[in-house]
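A.B. asks: Give the three-dimensional model of this entry:
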Amino acid sequence: MIVMPSAPMRNSGTAAVYVNTVFTEEECDRILETLDDDKWEEAMVGGVQEKGVFTVEKDFRSNYQQKVPVDDMGFPLNRIAEEISRANSEIWRFDLGGFAEDDMPWVMDYCRQGDHNDWHVDLGQAATASRKLGFSLQLTEGSEYEGGDLGFHRIKKKREELTRKGTLIVFPSFWLHRVAPMTKGARKVVVGWVHGPSFR
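C.D. replies: Alright, predicted model coming up:
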C-alpha cells in the first residue's frame, strides 16, 4: 500500500518582490557621505574556483564594493531589518534570524561602463547557505544613470518603481536575478541578506 503525503501548504508569495521607499533622499546622502574612498574593492563571486571561496570573476560580475558603515545607533541596518521583518510577516513568513556576522551587507558601486552582475541566485554554499531574503536599497536616483537595472526572472517590475532613491527591494534569496550592464553614469546601492535556519 502506498501512502501519499497530505497536500502541501503552498505560499502564494514565494515569487513576490517587495518594493517600498523607506529612506529619504537626505538619509541616502548621509549613507553616501560615510563611505571611504580608500575602502572600495573589486566585487567577488563565490564558489567558482572552490566551494566557499570568493574570487574576482569579471565575466560574471564587475563592480566595486565596501562594507556598509554602521553608526552607534545601528543606522542604516536597523531600519532595513525592521522593514524586512514587516515585509516577511506579510508575504513570505520565512523563519528569519537576522544578519550574519560573516556575511554582512555591502555598498555596491556600478560606476564603469559594462559593470554588471550576471544572472544568479544568492543562496549558495558555506556562509551563503543560510540566506533567506536578499535586499537592495537604492542610494542613487534612477535618472542619474543608464543600464545597471536590477531585474528578476519572470517577475515584471517597472524601472521607475525600482530605481527611486531610498527604495528598498526585498526578494527570496533563491530567486534568479541580475544587474544589467551599466551604459552611463553610476549606481550605488546597499545590498545584503537576512539569514535563518535551513529551508524545510
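
A.B. asks: Lys39 and Met182: what is the separation?
C.D. replies: Using C-beta to C-beta, to the nearest Å, Lys39 is found at 21 Å from Met182. (Each C-beta comes from the backbone N, C-alpha and C, glycine too.)

A.B. asks: Where in this structure is the helix or strand with the lowest mean pLDDT?
C.D. replies: Across the helices and strands of the chain, mean pLDDT, DSSP states H and E gives its lowest value to strand 45-46, namely a mean of 85.

A.B. asks: Relative to that one, what are the paired strands and their orientations?
C.D. replies: Partner strands and pairing direction for strand 45-46 (DSSP bridges) are strand 54-55 (antiparallel).

A.B. asks: For stretch 59-70, which outside residues touch it?
C.D. replies: Contacts to stretch 59-70, defined as C-beta atoms under 8 Å, 6 or more residues apart in numbering, come from residues 31, 34-36, 39-45, 48, 76-77, 104-112, 114-118, 120, 179, 190, 192.

A.B. asks: re the thing from before, with neighbour numbers in mind, choose between Lys39 and Met182.
C.D. replies: A count of neighbours by other C-beta atoms under 10 Å puts Met182 above the other of Lys39 and Met182, at 22 against 12.

A.B. asks: which residues does that one form a beta bridge with?
C.D. replies: Counting by DSSP bridges, Met182 is bridged to Gly147.

A.B. asks: What separation is there between the closest residue to Ile155 other than its chain neighbours and Lys184?
C.D. replies: Computed as C-beta to C-beta, 6 or more residues apart in numbering, the closest residue to Ile155 that is not its neighbour in sequence is Val17, at 5.5 Å. Note on Val17: its distance to Lys184, by C-beta to C-beta, is 25 Å.

A.B. asks: again, but for Lys156
C.D. replies: Taking C-beta to C-beta, one finds Lys156 at 24 Å from Lys184.

A.B. asks: So what pairs up with the most centrally placed residue in the chain in the strands?
C.D. replies: By C-alpha atoms, centre = their mean, the mean C-alpha position of the chain lies nearest to Phe135, the distance being 3.4 Å. For Phe135, the beta-bridge partners under DSSP bridges are Val170, Gly192.

A.B. asks: Quick check on Val17 and Lys184: which one has the bigger neighbour count.
C.D. replies: Val17 (19 against 10).

A.B. asks: ok, now which ones touch that one?
C.D. replies: Here Val17 is in contact with 152, 155, 157, 169-171, 175 (criterion: C-beta under 8 Å, 6+ apart).

A.B. asks: Turn those residues into a markdown table, columns for pLDDT.
C.D. replies: Formatted as a markdown table, the contacts of Val17 follow (pLDDT from 0 to 100):
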| residue | pLDDT |
| --- | --- |
| Phe152 | 97 |
| Ile155 | 94 |
| Lys157 | 94 |
| Ile169 | 98 |
| Val170 | 98 |
| Phe171 | 98 |
| Trp175 | 97 |
